[in-house]
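Visitor: compute the structure for the input listed below.
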Amino acid sequence: RASLRFVRRVFGRRGVRSHQRSGRPISCCIGATCVRLDQAGMRLARLPVWCAMTRPLISVLLPVYNAERYLAEALDSIQAQTLADFELIAVDDGSTDSSLDILWAYRHDPRLRIISRPNTGIVGALNDALAIARGRFIARMDADDIVLPRRFELQTGYLDAHPECAIVGCWVLRVDPDNHPLALQAHHWSHAEIERRIFSGEGGALPHPAMMARRSTMLAWGGYRPAAQLAEDVDLYLRAAEFGQLANVHAVLLRYRRHAASLSACQRVAQWEAVQWIRRDTCLRRGLPAPPDTMMHPARLPEHLPAH
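Guide: You can find the predicted model right below:
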């Protein structure tokens, strides 16, 4: 009954019924219990799953949507971390490909917790994962990227050594769909420079799938705001900067994949509009004058350039 109440709270009755009509069950791993909503009614079946009983150091938030081509590689790279004290919360956001089947193939790992639910977009998926996260730290990861083995080790070490730091990222290597290197993103920027670039819409100044923060402070910030969808990283960082410092570990710890189906390539105009709203909201919140419109509209950018 508790599991049923959780599923209804997260998805809503309409979402549950809509997902039933889609012909796919809802699956959700909570603690040591995995539940699946059958297609005939509201019954929930318990499925065997092995989960760590102790509280993990890190909760990794992994939103998944139609990522079958890259998902296994992303999961393998997370499992290869030198710091293994983590839980991986994978939220299948209504995928229509084999992404959920790939996740189930990894369910032998006791650190994996799977939520399968109707599509709401990345902000809803991240907030659902954050709501059940148990770790002291929150790490982000995308289903099409590759994390290098020492990322969790180095980022937790940095946060422990720098209590003034609110969010830490890392240097990244941008790669193409076949994992061939494109460009190294490595800069010795201060907090002020990172914040300035993020305010201008350059979310890549602290790449979202490479970030780590303390769970307690992320909850204090209110998590991700739905109004900031498509630029939720920019919004989170600017709110976090009012609590502490932004920084990057000076080491390449992520291979950041760029491909035609990636969010920032498909929805550049909507993303630009979201950043404009975030900039205005940030100035209002900080009691500053409205920002000048200094960002070039993506419709005027060359096609080969990403929005950020």
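
Visitor: what does the host helix or strand of Glu193 contact?
Guide: Using DSSP states H and E, Glu193 sits in helix 191-199. Here helix 191-199 makes contact (C-beta atoms under 8 Å, 6 or more residues apart in numbering) with 189, 205-206, 234, 237-238, 241, 245-248, 279, 282, 291. All C-beta spots, glycine's among them, are computed from the backbone N, C-alpha and C.

Visitor: now do the buried residues in the lengthiest strand in the chain.
Guide: In the chain, taking DSSP state E as the definition, the longest strand is strand 245-257. Across strand 245-257, burial judged by 16 or more other C-beta atoms under 10 Å covers 245-249, 252-257.

Visitor: what do you get for stretch 221-239?
Guide: 221, 223-225, 228-239.

Visitor: return the member of those nearest to Leu130.
Guide: Closest approach to Leu130 among the buried residues of stretch 221-239 (C-beta to C-beta): Gly223, at 5.2 Å.

Visitor: so that closest one is in which element?
Guide: With DSSP H and E as the test, Gly223 turns up in no helix or strand.

Visitor: I'd say it and Gly124 touch.
Guide: No. Contact status for Gly223 versus Gly124: not in contact, 10.7 Å apart, counting by C-beta atoms under 8 Å.

Visitor: and the closest residue to Ile58 other than its chain neighbours, how many neighbours?
Guide: Leaving aside its sequence neighbours, Ile58 sits nearest to Phe86 (C-beta to C-beta, 6 or more residues apart in numbering; 3.9 Å). Counted by other C-beta atoms under 10 Å, the residues lying close to Phe86 total 21.

Visitor: doesn't Arg111 make contact with Phe86?
Guide: Yes. With contact defined as C-beta under 8 Å, Phe86 reaches Arg111; the gap is 6.1 Å.

Visitor: can you list residues touching both of these two?
Guide: Residues within reach of Phe86 and of Arg111 at once, by C-beta under 8 Å, 6+ apart, are Pro56.

Visitor: any weak-confidence spans in the stretch 201-308 of the chain?
Guide: For the stretch 201-308 of the chain, applying pLDDT under 70 flags the ranges 261-266, 293-308.

Visitor: where do the helices sit along the stretch 151-300 of the chain?
Guide: 151-161, 191-199, 215-221, 232-240, 263-266, 268-286 (DSSP state H, counting those that start in this stretch).

Visitor: could you dump stretch 74-82 to CSV, C-alpha only?
Guide: Output of stretch 74-82 as CSV, limited to C-alpha atoms (Å, rounded to 0.1, in the frame of the first residue of the first chain):
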residue,chain,number,x,y,z
ALA,A,74,27.1,5.1,-19.7
LEU,A,75,26.1,2.5,-17.1
ASP,A,76,29.3,0.6,-17.6
SER,A,77,31.3,3.8,-17.0
ILE,A,78,29.4,4.5,-13.7
GLN,A,79,30.0,1.0,-12.5
ALA,A,80,33.7,1.4,-13.1
GLN,A,81,34.1,4.3,-10.6
THR,A,82,37.0,4.0,-8.1
